[in-house]
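Q: output the structure for:
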Amino acid sequence: MSTTLNLLCRTALPLLLCAPALAAAQEVTPAAAPGEEERQVDFSADQLTYDTDAEIVTASGDVRMTTEGNNLRADSVIWNRQTGEVRAEGNVRIVNPQGDAAYGDSIVLTDTLRDGMVDNLLLVLEDGGRLAADRAERDEGRTTLFSATYSPCAVVDSEGCPKDPTWKITAVRVVHDPVRNRISYEGATLNLFGIPIIGLPGLSHPDGTEGGGTGLLVPDIRISRSNGLELSLPYYFKVAPNSDATITPHVYTDVAPMLEGRYRQLTELGAFQLGAYVTHSSRIGLDPLASSAPDRNEGIRAYLEGSGKFQLDPQWSITASGRYVTDRTFLRRYDISRDDRLRSVVNAERIGEDSYISIAGWAFQGLRMTDVAGQQPVVLPAVDARWRFDDPVWDGTIQVQANSLSILRTEGQDTQRAFASARWDRRAITAMGQELTLTAYARGDVYHTDDTLLTSNLSYRGDEGWSSRAIGAVAADLKWPFIGEFMGGTQRLTPRVQFVASPPTTNLEIPNEDARAVDLEDSNLFALNRFPGYDRWEDGTRVTYGLEWALDLPKTAIRTTIGQSYRLDEKPSIFPPGTGLSDQFSDIVGRTSVKLGRKLNLVHRFRLDKDNLAIRRNEIDAVVGGRQTYATVGYLRLDRDIDPTIEDLRDREEVRVGGRVKFANYWSIFGSAVVDLTNQEEDPLADIDGFEPVRHRLGVAYDDDCIEIGVTWRRDYETTGDFRRGNTFLFRVALKNLGR
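A: Below you'll find the predicted structure:
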C-alpha cells in the first residue's frame, strides 16, 4: 500500500504538472520551485488558446504531457497565470515510470506544482493494487486523502462484472508525511469478504521510499499440547538501507514467553544473517547415562543460528553456517525444527577454471537420546584441493587431488588423515559406436589415531598410532547404445560392462570415519570404489554388468536400469553381510522412472537378494496430479539383515502419503502422514509393533489472488523429553501487499 500513496505524493500532484509549460510552445522548461531543479516537459493537444485579458492558457482535446517518464492525459488543462491555479479536467490519467496509474475527475494545483487537490481519485498500481478516495489534498508537501479505500484484490470477475474485493482497508483520513516518510491512518478498518473484521486504531507504516521501514507484521496463531495457545507478533526494524532486524515475542498460555530475534545485513562482499530464540523454562534431561527418572530443571533455553557468504574476489569465497541449541528437545518443543543433528561449518573455497581448493572446519551437535556429547566430532581442518589437466597423456584427462582431515573428540577417538591421488580418464567412441572409458587411479594415505578403545565398533577403530597404505586401480567401462523407433517414439537400449582391478589393500588397520553407511544402489553400482568415503577401499578384481533402457514418447519418458557385479577372487570381503556386496555375486539392483507429462512422476528403486530374489530394498516415490490437485506417495523398506550393532545400517520400513484436493474456485483440502511400519523382525533393537504413526497433518485453505487463509491440524505421536505427543493447530492469514 505504501507504493500507492507514493505514486500520489510523488507523481500525481507534482506532475500536474507541467501546466506552467502551456506557454504557447510544445517543448518548454517550466519554472522550478525553490530548491528544485528545472525539468523539461513535452506536451501535445488538439487546441491551444491564450486569453490575454484574463491571462488564461487552455490546452484542450486529448492533452498529453510527459516529463521524466511520467505521463499525463486529460480532456483539458487550464492555467490561470493571475491566480497561479493549474487545473486538469475530464478523464485525467497519470502513469509513472513503474507503470502505476492515477485517475481522477479533476486535479487542481498551484503553479509551483507543490500544493493542490484531486477530486474522485483512483490509483491503479502496476502490481494490481487500487486506492480510491473522494478527495485528496497536498499542502506544504503533506498529502491527505479523505474517505479512502485500499485493496490489492480484483474488483471485477473473470467475465468483467463488478465484484467486491476479498479484503480492503477503509479509513476516514490517510496522511502522508514526506519528512518522516510515513503514512498514517485515522478511523481505519479491515474488511474481509465485505464484513468489517477489526478496527486498526493508530495504524501507520513507512511509505516505501527507502524500501520499507519499521512496523508490525502479520501475527501467527497456533495451539499445541506442549505450549497451549501461542501468539507470535513480529515487529520489523529498518536499521539501514542494507540491514534490518525482526523481533518476535511468542506468548503462550501454558509456558513462559519466548523471544525470537533475527538480523540481516548486506555488505560489499556478501551477506549474512543471525537468528536466536531464548526463553526461561523447565526441561527434562535426556542423558542416556543418567538415571531412568527424568530430572526437570529450570533455566535458560536457547537456540542460535547464523549463516553468510562473502565473495572476496572472483575466485575466493567464504561460506559460514552455525547452529547451537542448549538442550536436545528445545527445537521440537517450540516447533522450530525436527533435525536430530546440528552442523556448523566455515569453508573457504577457491574455484578456478581447472582447479578447486576448500579449507573448512566442521562441528556437530547430536540431539538423539543415544548421542553422547563428548563423542561428537570436531573437524578442523578439512582440506581438499583438486587440479585438472586436459590432454596431457594419450588424449585423456588427469585429476590430481590432495586431502587432509583432522577429527577431534573430547571423549572419543581422534583421527588425522592425509592423502594424495592422481586419476587418469580417457573417453572414446569406437568404430562400432561403443563408448569406451579407460581409468587409472593411484593414491597414498597416511593416518594417525589416538584413543581407539573409546570406539565400541571394532571395524571402525583401526590401529593405534601411525598407519599408511597405497591404493591403485585400473578400470575399463564399455557402453554400447542401440537406438531405434518404438511406439511412435524413440527407444535406447544400452548394455554396459565394467572391469575393475585393484591389488590387495590395507583396510581394517585404518580407522573408518567416513565410509560407514555403505549400501549397494544403482547410483554406486559402477563406481570405482563403492564405499561412500575415503577410509575404506574396495580392492580385488570384479566385473560389473547391466542394462539401461530409455523410451521417449510425446509427453512420456521412461528410464530403467538394472545390474549386478561379480568378484573374480574368492577372498573374504570387507563389506558387512547384508550390504549386497559381501559375496562373490552381488545383489541385483535397479531403478525405474516414469514421467507422464505433469500428471505422473514415479521413481522406483530396488535391490533383490542374489540367492532367492527376496526384496532387500524397495523404495517408491510417486507424485500424481497437477499443481492444484495432487497426491504423493512414498514407501521405503530396508530388509537387509545386517548386524544390528552397526547403527549406520539399521533396517526400517515406513510409508509417507500427502496430497491436496481443490474442491471449489479457491478452496482446497490438504494433508500428509508418516507411518513407521518397522517391526522387531526388521530391527531387533526397535520397540515397535509394525504400525506406529509418527505424525499427520490435515488442513483446509482458501487462496485467491490477494489473500491466503489456512487452518492446519497436526498430530505428533512421539514423546521426547518435555515435547509431548498431541495436537497442534495453526491458523494462518496472509494478505497481499500487507505484512509478510
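
Q: just to be sure, A382 is in a strand?
A: Yes. Checked against DSSP: H, G, I helix; E, B strand; the rest coil, A382 lies within a strand.

Q: who's in contact with the residue found closest to it once you drop the neighbours it is linked to in the chain?
A: With C-beta to C-beta, 6 or more residues apart in numbering as the criterion, A382 has its nearest non-adjacent residue at 4.6 Å, and that residue is A360. To be clear about C-beta, it is placed using only N, CA and C from the backbone, and glycine gets the same treatment. Residues near A360 by C-beta atoms under 8 Å, 6 or more residues apart in numbering: 345-348, 379, 381-383.

Q: and the helix or strand that contains A360, which residues are buried?
A: Using DSSP states H and E, A360 sits within strand 355-366. Within strand 355-366, the residues that qualify as buried are 357-366, counting by 16 or more other C-beta atoms under 10 Å.

Q: got a markdown table for those residues, with distance to N70 and pLDDT too?
A: Converted to a markdown table, these look like this (distance: C-beta to C-beta, whole Å; pLDDT from 0 to 100):
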| residue | distance to N70 | pLDDT |
| --- | --- | --- |
| I357 | 52 | 97 |
| S358 | 52 | 98 |
| I359 | 53 | 98 |
| A360 | 53 | 97 |
| G361 | 55 | 97 |
| W362 | 55 | 96 |
| A363 | 56 | 96 |
| F364 | 58 | 95 |
| Q365 | 57 | 95 |
| G366 | 61 | 92 |
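
Q: on that earlier part again, would you write a ChimeraX line that selects the buried entries of the contacts of A360?
A: Entered in ChimeraX, the line below selects the buried ones among the contacts of A360, by 16+ other C-beta under 10 Å:
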select :345,346,347,348,379,382
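
Q: from the contacts of A360, which is closest to R542?
A: A382 (30.6 Å; C-beta to C-beta).

Q: look at the residue nearest the centre of the chain and report its pLDDT.
A: Taking C-alpha atoms, centre = their mean, the centroid of the chain lies closest to S307, which sits 13.8 Å from it. If you check S307, the pLDDT there is 98.

Q: can you report how many residues lie near N612?
A: N612: 6 surrounding residues under other C-beta atoms under 10 Å.

Q: make sure it is indeed in a helix.
A: No. Read with three-state DSSP, N612 is coil and lies in no helix.

Q: start at 32 instead
A: Got it, the first residue is 32 from now on, which makes the last one we talked about N643.

Q: the helix or strand where V205 lies pairs with which strands?
A: Taking DSSP H and E as the criterion, V205 maps to strand 198-208. Applying DSSP bridges, strand 198-208 is found paired with strand 173-182 (antiparallel), strand 213-217 (antiparallel), strand 220-223 (antiparallel).

Q: got those as CSV, with distance to L639 and mean neighbour count columns?
A: Listed next are those as CSV, based on distance: least, C-beta to C-beta, whole Å; neighbours: other C-beta atoms under 10 Å:
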stretch, distance to L639, mean neighbour count
strand 173-182, 61, 20
strand 213-217, 68, 19
strand 220-223, 58, 17
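
Q: just put these in TSV and tack on mean pLDDT and distance to D614.
A: Below are these laid out as TSV (pLDDT from 0 to 100; distance: least, C-beta to C-beta, whole Å):
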stretch	mean pLDDT	distance to D614
strand 173-182	84	70
strand 213-217	80	75
strand 220-223	86	67
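
Q: in a markdown table, list those strands along with distance to H635.
A: Output for the strands paired with strand 198-208, formatted as a markdown table (distance: least, C-beta to C-beta, whole Å):
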| stretch | distance to H635 |
| --- | --- |
| strand 173-182 | 49 |
| strand 213-217 | 57 |
| strand 220-223 | 46 |
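
Q: show the pLDDT at V139.
A: The model's pLDDT for V139 equals 80.

Q: what helix or strand is it located in?
A: V139 belongs to strand 132-141, assigned by DSSP H and E.

Q: so which elements touch the following helix or strand past that strand?
A: Per DSSP H and E, strand 132-141 leads on to strand 147-155 as the next helix or strand towards the C-terminus. Secondary-structure packing of strand 147-155 (3 or more C-beta pairs under 8 Å, 6 or more residues apart in numbering; DSSP states H and E): strand 132-141, strand 161-170.

Q: kindly export the first one (C-alpha atoms) in PDB.
A: It stands for strand 132-141. These are the backbone C-alpha positions of strand 132-141, laid out as PDB (Å, rounded to 0.1, in the frame of the first residue of the first chain):
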ATOM      1  CA  ALA A 132      -1.600   4.800 -12.900                       C
ATOM      2  CA  ALA A 133      -3.700   7.500 -11.200                       C
ATOM      3  CA  TYR A 134      -7.200   8.500 -12.400                       C
ATOM      4  CA  GLY A 135      -9.400  11.500 -11.400                       C
ATOM      5  CA  ASP A 136     -12.200  13.700 -12.500                       C
ATOM      6  CA  SER A 137     -10.200  16.900 -11.900                       C
ATOM      7  CA  ILE A 138      -6.900  17.800 -10.400                       C
ATOM      8  CA  VAL A 139      -6.100  21.300  -9.200                       C
ATOM      9  CA  LEU A 140      -2.500  22.600  -8.500                       C
ATOM     10  CA  THR A 141      -0.700  25.800  -7.800                       C
END
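
Q: give the partner strands of the strand holding V139 in its sheet and their orientations.
A: Partners of strand 132-141 in the sheet, by DSSP bridges, are strand 116-126 (antiparallel), strand 147-155 (antiparallel).

Q: that strand versus strand 161-170: what angle between them?
A: 10 degrees (axes from the mean of the first three to the mean of the last three C-alpha atoms, to 10 degrees).

Q: re the thing from before, can you list the strands that the strand holding A391 pairs with?
A: Here strand 386-397 has these sheet partners by DSSP bridges: strand 372-382 (antiparallel), strand 409-421 (antiparallel).

Q: and F754, which of these is closest to it?
A: Among those, if distance is taken as C-beta to C-beta, the winner is strand 372-382, at 16.3 Å.
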